[in-house]
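Q: The sequence and its predicted three-dimensional model are supplied below.
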Amino acid sequence: MEEAKLFMAEGIQRTILHGGTGDVPKFITGSKVTFHFRTVKCDGDRTVIDDSKLMGSPMEIIIGNMFKLEVWEILLTSMRIGEVSEFWCDVTVESPNTYKRESWAMNNEEKLRAVPILHGEGNRLFKLGRYEEAINKYREAVICLKNIQTKEKPWETPWLKLEKMINTLVLNYCQCLLKTEQYYEVLEHTTDIIRHHPGLVKAYYIRAKANAQVWNETAAKADFGKVTELDPDLSRSVKKELRLLEHRMQEKNREDKLRYKNLFT
């Protein structure tokens, strides 16, 4: 058994029990990591708190994306494929009623109770123009639901209900990203939703606005056209957006012509 003790960061100690293969992977944003874990107390009996193998399925997280578990990312991105390691993390013990617990520390019932609260708080912050704070609320709610969803079967009703709730939260999240000019991330999330749920009008509408902001005129018009097709009641809003797009494209074309003219004079 390979065993090496390392101090990774302040408050984190690691022991490698079994070395993995190859180099440490390059965990770029969006990488999915699948792993088993066991959480134990630092007592003489090493009392088991949680064990993914007993739950019957491994854990999954997405690196650097909207479903972020920061502490686990630090641990996992230090490991090789097939590696088995133990980590000790310094903690301060508090009663559950005296602090705000992160989603990973909640059971499924607590997560389901937390989601509408986080959703409502995100909506309130959005209306106040506090978009970064709203993003964090929507993200946390999505993490709660995703963690529950991994234990359900995709073809069964509970999974589908969770998927609908997740889509609503992700689209709210994308509206915040539009406000903070993170257009390419909006395109990534809305395109993923449309790929799996091609009838969601709001996804097309938000993607159209993001395409318009990054000068994808043809794609924006196609998405706005899909919005009108799916919901004719939105025709007036779409016409307004198309007029804005036309005006922006005209301004851009004038600026481009002036820029090119100055290059040759």
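A: Received the coordinates, thanks. Numbers count the residues shown, from 1 in each chain.
Q: Can you show me the strands along the stretch 51-200 of the chain?
A: 59-62, 84-89 (DSSP state E, counting those that start in this stretch).
Q: What are the buried residues along stretch 213-233?
A: With burial defined by 16 or more other CB atoms under 10 Å, the residues of stretch 213-233 counted as buried are 213, 216, 219, 220, 221, 223, 224, 226, 227, 228. From N, CA and C alone the C-beta is placed, and that goes for glycine too.
Q: Most widely separated two among the residues you listed?
A: 213 and 228 (19.7 Å; CB to CB).
Q: returning to that earlier point: in strands, which of the buried residues of stretch 213-233 appear?
A: The members of the buried residues of stretch 213-233 all map outside strands under DSSP state E.
Q: Scan this protein for its longest helix.
A: The single longest helix within the chain, with elements called by DSSP state H, is helix 235-263.
Q: for the record, mean pLDDT for it?
A: Over the span of helix 235-263, the pLDDT mean works out to 84.
Q: Remind me what it packs against, helices and strands.
A: Under the contact criterion of 3 or more CB pairs under 8 Å, 6 or more residues apart in numbering; DSSP states H and E, helix 235-263 touches helix 201-213, helix 217-230.
Q: Outside of the last one itself, list whatever touches it.
A: Read that as helix 217-230. For helix 217-230, the surrounding residues in contact (CB atoms under 8 Å, 6 or more residues apart in numbering) are 199, 201, 204-205, 207-209, 211-212, 234-235, 238, 241-242, 245, 249.
Q: Narrow those residues to just the buried residues.
A: 204, 205, 207, 208, 209, 211, 212, 234, 238, 241, 242, 245.
Q: need these in TSV with distance to residue 116, can you?
A: Formatted as TSV, these follow (distance: CB to CB, whole Å):
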residue	distance to residue 116
204	26
205	24
207	26
208	29
209	27
211	32
212	32
234	27
238	31
241	31
242	36
245	36
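Q: With respect to residue 168, which of the residues you listed is nearest?
A: Proximity of the buried ones among the contacts of helix 217-230 to residue 168 (CB to CB) peaks at residue 205, which lies at 13.8 Å.
Q: From residue 159, how far out is residue 237?
A: Distance from residue 237 to residue 159, counting by CB to CB, to the nearest Å: 33 Å.
Q: With residue 186 instead?
A: When distance is defined by CB to CB, residue 186 is 25 Å away from residue 159.
Q: These two: who's more crowded?
A: Set side by side, residue 186 and residue 159 show unequal neighbour counts under other CB atoms under 10 Å, the larger going to residue 186 at 25 against 16.
Q: Lovely, talk soon.
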